[in-house]
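> Next input, structure requested:
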Amino acid sequence: MNFVPGIPYILFQFLFLGLCACLDTVSITQPIRDGDGGGDVLVSNGDTFALGFFSPDKSNYRYVGICSGLVSKFFILAYKRVRRSSALGFRQPSLFQNESKQLLWQSFDYPTDTQLPNMKLGLDRRTGLNRFLTSWKSEDDPRMGNYTLRIDPAGSPQMFLYRGQVPLFRLGHWNGIRLSGFLVFKSDPVYYDSFVNNDKEISLMWNVYNVSILSRIVVDESGFVQRYVWYQQEHGWKQFLSAPTEPCDEYGHCGAFGLCDPNNTTFLNALVSWVRTQVSHKGEGFVKLENVKPPDTSQVVVINGLSLEACEKECLRSCNCTAYASANISEGGSGCLAWHGDLMDTRIFTPGGQDFYLRVDEPQYAKKSKGSVATKRIRIIMVVLGVIIFIIISFIAYWFAKRKRKDNFSTRNMLGHGGFGSVYKGQLVNGQEIAVKRLSKHSGQGMHEFMNEVTVIAKLQHRNLVRLLGYCIHEEEDVNIRILTKQKLGPLHIWDLKASNVLLDASMNPKISDFGMAKMFGEDQIQANTNRVVGTYGYMAPEYAMQGLYSTKSDVFSFGVLLLEIISSRKNTECINGSQFPNLIGHVWELWNDGRVLDIVDPALCQPFSTDEVSRCIHIGLLCVQEAATQRPTMSDVIFMLANETPLPPPNTPAITFHYADSSKSSGATSWNRVSITALEAR
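Below you'll find the predicted structure:
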């Protein structure tokens, strides 16, 4: 098989350094042949490398290439697959030196996936030859793969790892010591690098101080740049470095004007917040960023021979210059790199980074200490202002919500008014409607009655009692609003039972309210006295109003008055035309004696009604308002009499003439709904 021109990258430099083989020499008439026994092989001095036919582990094809003489599985250069037992004749004179000993061709100019010491990568400006590494297509297929490692000659030349034509990883530009973005090329006691950029070529190669060390750089089929070293004792290759390895290695990971931090890849620092698209010639400066990988240098302006100070001035002269740095950081720094436009692929690079100067608007940012202090102060002020604004907004929202729930005690929501104060309709957050009882500043009752109501009603749990949803004591605001705990209740004297304290719910079920003057009796106590008489005119028992005595019969009197008021739809304190008595009790007693007691019934009472039942209720009401407490029935007796038809005892003259105001000063519609106090002494 003849050699195919145009694919000369199959051979290796050692071809002209004196290869020795099973054959004495390779000439036009002496080809290298593949055979069942292994074929012909050329071996370099020291048996380090060998040229011949080979097959990858899982491949059925044969290839021509150069492998390590130390281990047959390491292939440095490979040719396209050929048929078994075919001959490769080296009939092209360009493969060898001619009689004048002139070098016509060498394999180092046509690398595959591997770079060895003294092998150049880069552009030959004279011939246009561009040397770069290309990965295998797969682990067992030496054909050209998707990944290439090459030098971009634009701007300040830099090395890229490409996938197709897309930059995948930027190894950076040569900064005088190493490539700025890849520590694998950092000089150390074992390796040293050499970079050339002149009118003849742009090239990068590396070498070893000790020629006995066998090392290689490979671009594998997965897109990684790796460095290997041969360990003779272990008889194997050891991987020293591999890239890319982290998100910040990805080209442009943070976008234009982004600063990628490998220690915090979830937060992308924005350089764009510091740089204006067009900056003025006044009030501008530079921020020094330490230990960074400079941005893409393909569009950078390179000015050799300038100092760092001169580079800064040069950048200030251009309105579009956004940053600058030293072109060569060795020996104190020299040369100038000036960026214009976007800053792409900048990252923190510790260790191994270099100083980078970013242009900003305000000169104080150029001084890191002052800039840091100012930034911290601004942040603190913003946080404090944010907290204050949040508190104010929260307070206003709470105030409006609270005002909306009770409508700021609007008269539109007032349900009624009593001796304690006014009662308002409100609504809780969950939508439950409530009645808010607010202590009036001008009320005859005070904190004693307020706390007494809270204490007593907290112990009450009954379906016919208004449940307390709580209470609030704040400055001059005293209101009752929420549920408290169930406790056992002893005998109770409500003390101020009247029509306005009996409420009806939506189902017309009665609920007793207002326990401001309620009194708890002991288990065996039936009577007590007080020096402070309080209550509502027309509902107080005569013994209590006159002598300050109260007992379990006191509420019976109030119930009798309430029963008569319900039947007649009149108040006890109301003067009735044509009656000789100043109140409802006297008027009912008058009609009772005349046998016309049903005349007192409210005409609006549902018709027809049982006259016997109504007469019985009036009879029970008169028994409850007897002047002597001993003549009144107990509440259990009242319940029994209402539920049964047993004969009732005849009523005596009720209490009809005790401590009333002059009837001439009262109109027919007047109701005295206030507290009377006969002695201002504490109990």
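> hang on, residue 438 in a strand?
Yes. The assignment for residue 438 is a strand, going by DSSP: H, G, I helix; E, B strand; the rest coil.
> now the helices for the chain?
In the chain, the segments counted as helices under DSSP state H are 308-317, 368-406, 447-458, 542-547, 554-568, 584-594, 611-624, 635-643.
> Dump the C-alpha coordinates for the shortest one into CSV.
In CSV, the C-alpha atoms belonging to helix 542-547 read as follows (Å, rounded to 0.1, in the frame of the first residue of the first chain):
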residue,chain,number,x,y,z
PRO,A,542,-86.9,47.1,97.9
GLU,A,543,-84.9,45.7,100.8
TYR,A,544,-81.7,46.3,98.7
ALA,A,545,-82.6,49.8,97.6
MET,A,546,-83.6,50.8,101.2
GLN,A,547,-81.3,48.9,103.5
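> what's the domain layout of this structure?
1-109, 111-245, 248-366, 372-407, 526-683 (automatic domain parsing).
> Out of those, flag the one nearest residue 501.
Ranking the domains of the chain by their distance to residue 501 (criterion: CB to CB) puts domain 526-683 first, at 8.8 Å. (Glycine included, C-beta is placed from N, CA and C.)
> on that earlier part again, among the helices of the chain, where is the model least confident on average?
Between the helices of the chain, the lowest average pLDDT goes to helix 447-458, which shows a mean of 70.
> Burial check on residue 428, number of neighbours?
The criterion is other CB atoms under 10 Å. On that basis, residue 428 has 12 neighbouring residues.
> Check the contact between it and residue 434; I expect there is one.
Yes. The pair residue 428 and residue 434 qualifies as a contact (CB atoms under 8 Å) at a distance of 6.0 Å.
> hey, what's in contact with both of the two?
With contacts taken as CB atoms under 8 Å, 6 or more residues apart in numbering, residue 428 and residue 434 have no neighbour in common.
> and of the domains of the chain, who's closest to residue 452?
Among the domains of the chain, the nearest to residue 452 by CB to CB is domain 526-683 (10.4 Å).
> got the helices of the chain as TSV, with mean neighbour count and distance to residue 125 columns?
Shown next, in TSV, are the helices of the chain (neighbours: other CB atoms under 10 Å; distance: least, CB to CB, whole Å):
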stretch	mean neighbour count	distance to residue 125
helix 308-317	15	26
helix 368-406	11	42
helix 447-458	18	99
helix 542-547	19	122
helix 554-568	22	117
helix 584-594	20	124
helix 611-624	18	124
helix 635-643	13	119
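> Kindly reformat those as TSV containing distance to residue 497.
Putting these into TSV (distance: least, CB to CB, whole Å) gives the following:
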stretch	distance to residue 497
helix 308-317	94
helix 368-406	28
helix 447-458	14
helix 542-547	12
helix 554-568	4
helix 584-594	15
helix 611-624	11
helix 635-643	11
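> out of those helices, nearest to residue 145?
Nearest of these (CB to CB): helix 308-317, 40.8 Å.
> Name all residues that make contact with the closest residue in space to residue 622 that isn't next to it in sequence.
The shortest distance from residue 622 to any residue that is not its chain neighbour, by CB to CB, 6 or more residues apart in numbering, is 3.9 Å, and that residue is residue 651. Residue 651 sits next to 589, 592, 619, 622-623, 626 when contact means CB under 8 Å, 6+ apart.
> switch the cut-off to 10 Å
By CB atoms under 10 Å, 6 or more residues apart in numbering, the contact list for residue 651 reads 560, 588-589, 592, 618-626, 631.
> re earlier: closest to residue 115 out of the helices of the chain?
Distances from residue 115 to each of those were compared by CB to CB, and the smallest falls on helix 308-317, at 33.2 Å.
> Output the contacting helices and strands for that closest one.
Taking 3 or more CB pairs under 10 Å, 6 or more residues apart in numbering; DSSP states H and E as the contact definition, the neighbouring helices and strands of helix 308-317 are strand 285-293, strand 301-303, strand 321-325, strand 336-340, strand 354-360.
> For the residue lying closest to residue 572 once chain neighbours are set aside, give me the pLDDT.
With CB to CB, 6+ apart as the criterion, residue 572 has its nearest non-adjacent residue at 3.8 Å, and that residue is residue 538. Looking at residue 538, its pLDDT reads 76.
> separation between residue 538 and residue 509?
25 Å (CB to CB, to the nearest Å).
> ok, back up a step: verify the stated contact: the residue nearest to residue 572 with residue 583.
Yes. Counting by CB atoms under 10 Å, a contact exists between residue 538 and residue 583, whose distance comes to 6.8 Å.
> still on that earlier bit, state the number of residues packed around the residue nearest to residue 572.
21.
> One more: residue 539?
Residue neighbour count, defined by other CB under 10 Å, stands at 27 for residue 539.
> Contact partners for it?
Shown here is residue 539, whose contacts under the criterion CB under 10 Å, 6+ apart are 495-501, 545, 554-555, 557-562, 565, 571-573, 673.
> how about 8 Å then?
Residue 539 neighbours (CB under 8 Å, 6+ apart): 496-498, 557-558, 561-562, 572.
> I'd like these as TSV, with distance to residue 126 appended.
Supplementary listing: the contacts of residue 539 in TSV, determined by distance: CB to CB, whole Å:
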residue	distance to residue 126
496	117
497	119
498	119
557	128
558	123
561	126
562	122
572	127
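> out of those residues, who's nearest residue 397?
Within the set of the contacts of residue 539, residue 496 lies nearest residue 397; the separation is 40.1 Å, counting by CB to CB.
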